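Q: let's see this in three dimensions:
(chains A and B)
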Amino acid sequence: MTDAPALFEEIDVLLAQNPVLLFMKGTPEMPLCGFSGFVCQVLERLSVPFAGVNILERQDLRQAIKDYTNWPTIPQLYIKGEFIGGADIVRDMYQSGELEEYFRAQGILA
Amino acid sequence: MAIRRDDLYAMLASAFPGARIDIEDTRGDGDHYQVRIISSVFEGMTRVAQHKAVFHALGDLMADRLHALSLKTLVPAKE
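A: Below is the predicted model of the structure:
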């Protein structure tokens, strides 16, 4: 068993500190999974600054973030602490223009 | 690990009766699936809630048996 309360607390802090946070495999500079890489590309295309948490280097957080949001897969995108979705939802929201709209509504894009 | 397409279909069909379910085995290896589900059950649900409903139906398949699932959930188009 991992130390869930401490890990959840760490996740809370990460979410509070990073308005756009992506839990991913690899780093924004070097994604190590197609789904993670796709979300990075979308964020870069929208010119949204974001931080990445590489769960391959944090196996404890890998499970903790899945439990935190009750979502079984990585990547996971959070905007202002709110879970937005995985790669499929990001793709749909990007293609429909909703994602850009959401960033504007949140004051992240002008 | 992998799952047969028919087994995946059966799991989804029993969880979402009456839904239209399209499954593509994108690499032909039983481990990378693209799934589209059109169901009135999704009506009024957020995308996150819709996907969670599907994950719930698939149980531990998502946790450790399936490498990649690309998912699209839709509500039937209104006439």
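
Q: which of the residues in the helix ranked longest in chain A are buried?
A: When chain A is scanned for its longest helix (criterion: DSSP state H), the result is helix A:4-17. For helix A:4-17, the neighbour count (16 or more other C-beta atoms under 10 Å in any protein chain shown) marks A:Leu7, A:Glu10, A:Ile11, A:Leu14, A:Leu15 as buried. (Glycine included, C-beta is placed from N, CA and C.)

Q: so where's the chain shaky on pLDDT?
A: I went with chain A, as the question did not name one. Applying pLDDT under 70 to chain A picks out residues A:1-2.

Q: actually, chain B is the one I wanted.
A: Residues of chain B meeting the criterion pLDDT under 70: B:1, B:79.

Q: now it against chain A: closest residue?
A: Among the residues of chain B, B:Met62 lies nearest to chain A; the distance is 4.0 Å by C-beta to the nearest C-beta.

Q: quick one: residues contacting the residue lying closest to that residue once chain neighbours are set aside.
A: Counting by C-beta to C-beta, 6 or more residues apart in numbering or on different chains, A:Pro72 is the residue found nearest to B:Met62 once chain neighbours are left out, at 4.0 Å. Residues near A:Pro72 by C-beta atoms under 8 Å, 6 or more residues apart in numbering or on different chains: A:Lys66, B:Phe55, B:Met62, B:Ala63.

Q: now swap in B:Ile37 and tell me
A: Counting by C-beta under 8 Å, 6+ apart, the residues that B:Ile37 touches are B:Leu12, B:Phe16, B:Ala19, B:Arg20, B:Ile21, B:Asp22, B:Val54, B:Leu71, B:Lys72, B:Thr73, B:Leu74.

Q: tell me which of these fall in helices.
A: Checking these against DSSP H, those in helices are B:Leu12, B:Val54.

Q: on that earlier part again, elements contacting the longest helix of chain A?
A: helix A:59-69 (3 or more C-beta pairs under 8 Å, 6 or more residues apart in numbering or on different chains; DSSP states H and E).

Q: just the CA trace of the helix it packs on, in PDB.
A: The C-alpha trace of helix A:59-69 is given here as PDB (Å, rounded to 0.1, in the frame of the first residue of the first chain):
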ATOM      1  CA  GLN A  59       5.200   5.300  -9.700                       C
ATOM      2  CA  ASP A  60       3.600   6.200  -6.400                       C
ATOM      3  CA  LEU A  61       1.800   9.200  -8.000                       C
ATOM      4  CA  ARG A  62       0.900   7.000 -11.000                       C
ATOM      5  CA  GLN A  63      -1.600   5.000  -8.900                       C
ATOM      6  CA  ALA A  64      -2.500   7.900  -6.500                       C
ATOM      7  CA  ILE A  65      -3.700  10.200  -9.300                       C
ATOM      8  CA  LYS A  66      -5.900   7.400 -10.700                       C
ATOM      9  CA  ASP A  67      -7.500   6.900  -7.300                       C
ATOM     10  CA  TYR A  68      -7.700  10.700  -6.700                       C
ATOM     11  CA  THR A  69      -9.900  11.200  -9.700                       C
END
